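Student: Next come a sequence and a model predicted from it.
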Amino acid sequence: MRVLTGIQASGKLHIGNYFGAMKPMVELQEDHELFTFIANYHSLTSSKDAETLRQNTVEAAVDYLAVGIDPEKTTFWVQSHVPEVLELYWILSKFTPMGLLERAHSYKDKVAKGIPASHALFSYPVLMAADILLYDVEKVPVGKDQIQHVEMTRDIAIKFNNEYGDLFTLPEHMVSEEVATIPGIDGQKMSKSYGNAIDLFMDEKPLQKRCNKIVSSSTPLGEPLAWEDCNIYNLAALFLDEAQKKELQERYRSGKEGYGHFKKYLKELIWEELAEAREKRAYYLDHMDEVHDILAMGANKAKAIADAKMEKVRAAIGL
Ligand code: TYM
């Protein structure tokens with residue numbers, strides 16, 4: 001089964017990206033035909049200068065490789081290296097009612113948060129539809145915030161197929177409940193643009209500092225703590241199996257430890273989880289030629305599929 005997902009290159013990747021997208025990807029590549037890319041055209045909507053976007057794009061690629069994307073198994077590329085996606089984006093725009101885009105939560109949220117309302121931001125879901133439909137993808141693994149975009153992709157594909165023949169595979173989203181929305185240090189959805197993220201690859205001290213900023217209630221030491229709505233617990237739970245979660249709940253209930261202990265514990269969990277990835281990351285940062293070769297190989301594979309698909313699309317619509 002062909003599975004595709006993308007991740008933006010808008011700065012440092014965070015724990016939300018890791019559990020919501022990267023880790024599931026690394027697992028899926030074992031028994032699925034996985035396509036994944038760095039969505040740098042999408043990142044342009046929030047980019048301020050060329051050098052930063054360029055840098056963020058390669059860094060996101062390095063991070064992806066570091067956490068275990070295997071270029072032998074997975075087709076992995078940079079979105080703008082297969083520019084055919086922009087042609088499809090324009091064609092799909094014809095099949096996208098204005099009302100559909102006006103209902104997009106992500107657009108409304110971003111504008112409400114003060115991001116200027118540009119046409120690119122508004123039509124962002126159409127480009128995402130092009131990403132997905134270009135490769136005849138069946139499943140799109142994403143976090144909860146992207147479900148609506150996958151549904152819009154289906155709507156656009158259905159409209160095209162009804163008018164010009166069944167050319168596009170209808171994709172479905174794939175969301176795993178436990179990691180649908182990873183909370184940030186303030187308990188809201190973790191997001192770069194909300195300033196509440198814990199970055200994946202921080203040095204140990206800044207990581208501890210960041211964990212110390214997690215908002216928790218102020219129960220005095222000696223009293224049992226409630227784990228149910230605790231941000232620290234919710235983040236720590238991502239790293240734990242059922243038995244370990246029970247143990248942590250017991251530690252909360254015992255009243256012997258305060259939030260400071262759990263913040264330290266969380267830092268250790270993050271630090272350990274990423275130990276191997278940190279080593280791989282250092283390797284790739286030292287071997288950037290290899291990274292560029294991997295991305296070029298991925299773009300070639302993706303382009304061959306995109307070219308064949310675009311020939312059919314152009315023929316179907318009379319271009
Ligand atoms: P982006 O870059 O914002 O996020 C990448 C992936 O990480 C997931 N994610 C989260 N999951 C759980 N909790 C969180 N706090 C959290 N924050 C981020 C996102 O759901 C996503 O799966 N538009 C997309 C990129 C994209 C794409 C595509 C995805 C472009 N084309 C085609 C799938 C298919 C985006 O901005 O993701």
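Tutor: Nice, thanks for sending it over. Numbers count the residues shown, from 1 in each chain.
Student: Return the residues of the stretch 1-150 of the chain in contact with the ligand.
Tutor: 4-8, 16-17, 20-21, 39, 42, 128, 131-132, 140, 142-143, 145-146 (C-beta under 6 Å from any ligand atom). The C-beta positions use only the backbone N, C-alpha and C, and glycine is treated the same way.
Student: Just the ones in strands from those residues, please.
Tutor: 4-8, 39, 140 (DSSP state E).
Student: looking at the residues you listed, which has the most residues close by?
Tutor: Ranked by neighbour count (other C-beta atoms under 10 Å), those have residue 5 at the top, with 27 neighbours.
Student: State the pLDDT value of it.
Tutor: Residue 5 carries a pLDDT value of 94.
Student: Is it bridged to anything, and to what?
Tutor: Taking DSSP bridges, one finds residue 36 as the beta-bridge partners of residue 5.
Student: What's the separation between residue 316 and residue 258?
Tutor: Separation of residue 316 from residue 258 (C-beta to C-beta, to the nearest Å) stands at 64 Å.
Student: got a pLDDT number for residue 220?
Tutor: 72.
Student: need the contact list for it.
Tutor: By C-beta atoms under 8 Å, 6 or more residues apart in numbering, residue 220 lies in contact with nothing.
Student: so it, which of the three states?
Tutor: coil (DSSP: H, G, I helix; E, B strand; the rest coil).
Student: Distance of it relative to the ligand?
Tutor: Relative to the ligand, residue 220 is positioned 31 Å away (C-beta to the nearest ligand atom, to the nearest Å).
Student: what are the phi and psi angles of that residue?
Tutor: Backbone torsions for residue 220, taken as degrees, to the nearest 10, come to phi -70, psi 150.
Student: would you put the C-alpha positions of stretch 211-228 in PDB?
Tutor: Included here for stretch 211-228 are C-alpha records, laid out as PDB according to Å, rounded to 0.1, in the frame of the first residue of the first chain:
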ATOM      1  CA  CYS A 211      11.000  20.900  30.400                       C
ATOM      2  CA  ASN A 212      11.100  23.100  33.500                       C
ATOM      3  CA  LYS A 213       8.900  25.600  31.700                       C
ATOM      4  CA  ILE A 214       6.000  23.100  31.400                       C
ATOM      5  CA  VAL A 215       3.000  24.500  33.000                       C
ATOM      6  CA  SER A 216       1.800  22.500  36.000                       C
ATOM      7  CA  SER A 217      -0.400  23.200  39.000                       C
ATOM      8  CA  SER A 218       1.200  24.100  42.400                       C
ATOM      9  CA  THR A 219       0.400  21.300  44.800                       C
ATOM     10  CA  PRO A 220       2.800  21.400  47.800                       C
ATOM     11  CA  LEU A 221       5.200  18.600  48.300                       C
ATOM     12  CA  GLY A 222       3.900  15.700  50.400                       C
ATOM     13  CA  GLU A 223       0.400  15.800  48.900                       C
ATOM     14  CA  PRO A 224      -0.600  13.400  46.100                       C
ATOM     15  CA  LEU A 225      -0.400  14.900  42.600                       C
ATOM     16  CA  ALA A 226      -3.000  14.400  39.900                       C
ATOM     17  CA  TRP A 227      -1.500  12.900  36.800                       C
ATOM     18  CA  GLU A 228      -4.700  12.900  34.800                       C
END
